[in-house]
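Participant: Please find the sequence and the predicted model below.
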Amino acid sequence: MQRRYRAFISYSWADKAWGDWLHRSLELYRTPAALVGRETPLGPVPRGLHPIFKDREEEAAGGGIGEAIEAAMGASDFLIVVCSPRSAKSKWVNREVAWFKTHKPRGKVLALVVEGEPGASLSPNGAGEECFPATLLYTVDENLQPTDHLEDPPLAADARKEGDGKRLAKLKIAAALLGVGLDDLVKRDDRRRAIRRRWAMAGMGAVSASMTALAWVAMDQRDHAVAMQAQAEAQRDQAESLVEYMIGDLTETLQQEVQLKVLGDMATRAREYYQVQMDLEMDDEALSRRVRVLDLLSSIEQDLGNIDVSSDLARQSLVASQELIERHPQDPEHLHTHLLVLRGLGSLAFEVDDIDGAETRFRQALIVAEELQSVEPENVEWEAEQGVLLANIGVMQFKNNDFSEAIPMLEQAVAVKRAAIEHAHSKRQAHYDLAVILQWLSKANLNILETERAKQNNQEEFEHVQTILSNNPKYIAARRRLALNKIIRAEILYFDGAVNEAIPVVTSAVHGLEQLVQEDPAHTGNVLALLEAKLVAGEIALASEDFERASGIIKDAQLLIGKLEAVDADRVDWSGVMKGKTMLLQRRISAGLETDLTRCAAALNNLDGESERLINLSRSNPKNLRLAQVAAETQLLRGDGLVMDGLADKAMAAWETSLAILKRPLGDVFPLDFRSQRLRRELEARLAQNNPDTAVQLTACAQSI
């Protein structure tokens, strides 16, 4: 069952601050009590406008509208377009407007002007100021393209200071979504604001009247009422302060000040708010709003990289969500909100490498998903949620190197996701989710040397990605997924000894990712995937003794490392695994190009600093198998350089250290995967040579590569 939305917000990524403000304003809007339940052409007036759909995570997802976005628009009663010169030029906003106009009744498109001038393009030299997308100004054809026929402009609210301003613009949009007159909302909003201003005086008047009218025996009750009124007043004032700050002042801060100021301001406001609110009784609506506001604050802090603050806010949201569940244990909306909060806490734990904590949260969320299925067995969305959580748990077990547990869990997730495809509202998303899980399963099987199963997983993943691309060949996420699939296929072939077959596969992956990076150079995911492909290609070129090609590949990889470090120099996957592998391949290539033993030794020397850095990173991340492999290999090559310099004893110590590093992630047990086993064989062969002369012969340059 597709969740219904009051409205879908369409906006350009450049207007994200406005999109966020509008989303928060409408999600937190509370309908005046006198209007709730009134019959309108849209049906009875609801208590609020929640939920509102807003999505811009994959704006550059190709030329077409994604099925997930189509499903959300199809489930939305209205489309709200945030209008600016930037959105007017956005092909994504134009296509969303066109899709909505061709699939929904007239009058369901609303506009919020934030910058520029509506219809400016109709005047000479006014195109640069136009804020309405062409598909909003003109009728559209069956291909979702604007025609030459002008249309009547939609209802527009003007949030600019010289226009309606934010408050009135918000009320105009809310009135349209509720189906009531603007005057009704404005008058009642004015009345509500006036009541808040007079609250203290009204309270004092009530107390004074009580003192003259009540007998002495009622004074105790009066005092209690005054105390309760003071609490309610503090609660209302603090709550209104926070909400008004979030939807008013905060937006200005986001646009004008640095993010650190935002962090400090929000943290202070949130503490003041919840210090007052913590012990107060709240009705369902207020408690539900608390969950949403805390979750919103947590998301903002997570985006800013403040994981500790984000986690604390998420835990507060969890407490409020839990209370809602205790009040209404079988309410699907509250259960789903609770599931999302738990899943968010799991993701936050994963970000700080708390793998066990993440798995615990995902398991708690899985219990809620199972409860949702029992409450609404006909809702296929809950089955899909269960599949995602099973996969998340499997990935956590994979990260803990517990492959015997990870593989059955991932296989179960695959089975659930396969069954869910038939009933999925978004077939593309269902195929994509299944492809991601199959890739993790393929990796897990590779780590226990089940190469045939890994091949089967890889092939099935390939088929699901191809299904997506056959309907939308420009879909960026699927194109990246196809390249990742080819990288693993090339690795499987390489591990099986089919080096010549692996070369064209990994070359194809590199070319596909180079195109994606060219299209969007700032997309870190594409850069990281291209780096991964380059390193596999370099390793395969080295194995085929094509040193010139391998050398060129590594130079490209070093440039990509620089790009990633400019984003986050401390991320272990980049600064440790990727940078370490790049350096190791470069050293092996340099050694492979030398025929003189002295120069070969020089190529392998000077690894002390880098080796120590990687060993320290590995100690700090003891379960990171890939990092352990890189750190162990630096010690292997360092030992080779030492023995060539006649320092056999130091070389033996380096190789012993290498073996110890390699066993650490699995608790002093050698991993079974191909890379670890290859390293183990090389190390044990070196350590078996007790005669330094023999060791020197063993570690000649040809052996070092």
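Facilitator: That came through, no problem.

Participant: What are the contacting residues of stretch 573-591?
Facilitator: Stretch 573-591 is contacted from outside by 528, 531-532, 535, 538-539, 542, 547, 550-551, 554, 557-558, 561, 564-565, 568-569, 600, 603-604, 607, 610, 614, 617-618, 621, 624, 626-627, 630-631, 633-634, 637, 701, 704-705, using C-beta atoms under 8 Å, 6 or more residues apart in numbering. In short, each C-beta sits where N, CA and C put it, glycine included.

Participant: What residues does the closest residue to Leu178 other than its chain neighbours make contact with?
Facilitator: Nearest-residue entry for Leu178: Val45, 5.3 Å, with adjacent residues in sequence omitted and distances by C-beta to C-beta, 6 or more residues apart in numbering. Residues in contact with Val45, defined by C-beta under 8 Å, 6+ apart, are 31, 35-38, 178-180.

Participant: can I get these in JSON lines with pLDDT, distance to Lys91 and neighbour count?
Facilitator: Putting these into JSON lines (pLDDT from 0 to 100; distance: C-beta to C-beta, whole Å; neighbours: other C-beta atoms under 10 Å) gives the following:
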{"residue": "Thr31", "pLDDT": "82", "distance to Lys91": "36", "neighbour count": "19"}
{"residue": "Leu35", "pLDDT": "80", "distance to Lys91": "39", "neighbour count": "20"}
{"residue": "Val36", "pLDDT": "78", "distance to Lys91": "40", "neighbour count": "14"}
{"residue": "Gly37", "pLDDT": "80", "distance to Lys91": "42", "neighbour count": "11"}
{"residue": "Arg38", "pLDDT": "82", "distance to Lys91": "40", "neighbour count": "13"}
{"residue": "Leu178", "pLDDT": "89", "distance to Lys91": "32", "neighbour count": "24"}
{"residue": "Gly179", "pLDDT": "86", "distance to Lys91": "32", "neighbour count": "17"}
{"residue": "Val180", "pLDDT": "82", "distance to Lys91": "35", "neighbour count": "19"}
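
Participant: From those, which land in helices?
Facilitator: Mapping the contacts of Val45 onto helices (DSSP state H) picks out Leu178.

Participant: for the contacts of Val45, which one is nearest Arg86?
Facilitator: Comparing the contacts of Val45 against Arg86 with C-beta to C-beta places Leu178 closest, at 28.8 Å.

Participant: ok, so what distance separates the closest one from Gln439?
Facilitator: Counting by C-beta to C-beta, to the nearest Å, the gap from Leu178 to Gln439 is 45 Å.

Participant: try Trp99
Facilitator: Computed with C-beta to C-beta, the distance linking Trp99 and Gln439 is 31 Å.

Participant: repeat for Arg587
Facilitator: 30 Å.

Participant: In terms of packing, which of these two has more residues around it?
Facilitator: Arg587 (25 against 21; other C-beta atoms under 10 Å).

Participant: Using PDB, list the CA coordinates for stretch 540-550.
Facilitator: Taking C-alpha atoms only, stretch 540-550 is exported to PDB below (Å, rounded to 0.1, in the frame of the first residue of the first chain):
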ATOM      1  CA  ILE A 540      45.600  -7.200 -13.000                       C
ATOM      2  CA  ALA A 541      48.000  -5.300 -15.300                       C
ATOM      3  CA  LEU A 542      50.800  -6.000 -12.900                       C
ATOM      4  CA  ALA A 543      49.900  -9.700 -12.800                       C
ATOM      5  CA  SER A 544      50.100  -9.700 -16.600                       C
ATOM      6  CA  GLU A 545      53.500  -7.900 -16.400                       C
ATOM      7  CA  ASP A 546      52.200  -4.900 -18.400                       C
ATOM      8  CA  PHE A 547      54.200  -2.500 -16.200                       C
ATOM      9  CA  GLU A 548      53.800   0.500 -18.500                       C
ATOM     10  CA  ARG A 549      50.000   0.200 -18.400                       C
ATOM     11  CA  ALA A 550      50.000  -0.500 -14.700                       C
END
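
Participant: Check which residues of it are buried.
Facilitator: 540-542, 547, 549-550 (16 or more other C-beta atoms under 10 Å).

Participant: Now do the helices in the stretch 1-150 of the chain.
Facilitator: For the stretch 1-150 of the chain, applying DSSP state H, counting those that start in this stretch gives helices covering 16-27, 67-74, 85-89, 91-103, 134-137.

Participant: Same check on the stretch 401-550 of the chain?
Facilitator: For the stretch 401-550 of the chain, applying DSSP H, counting those that start in this stretch gives helices covering 403-421, 427-447, 451-471, 476-495, 499-519, 524-543, 547-567.

Participant: Alright, I will stop here.
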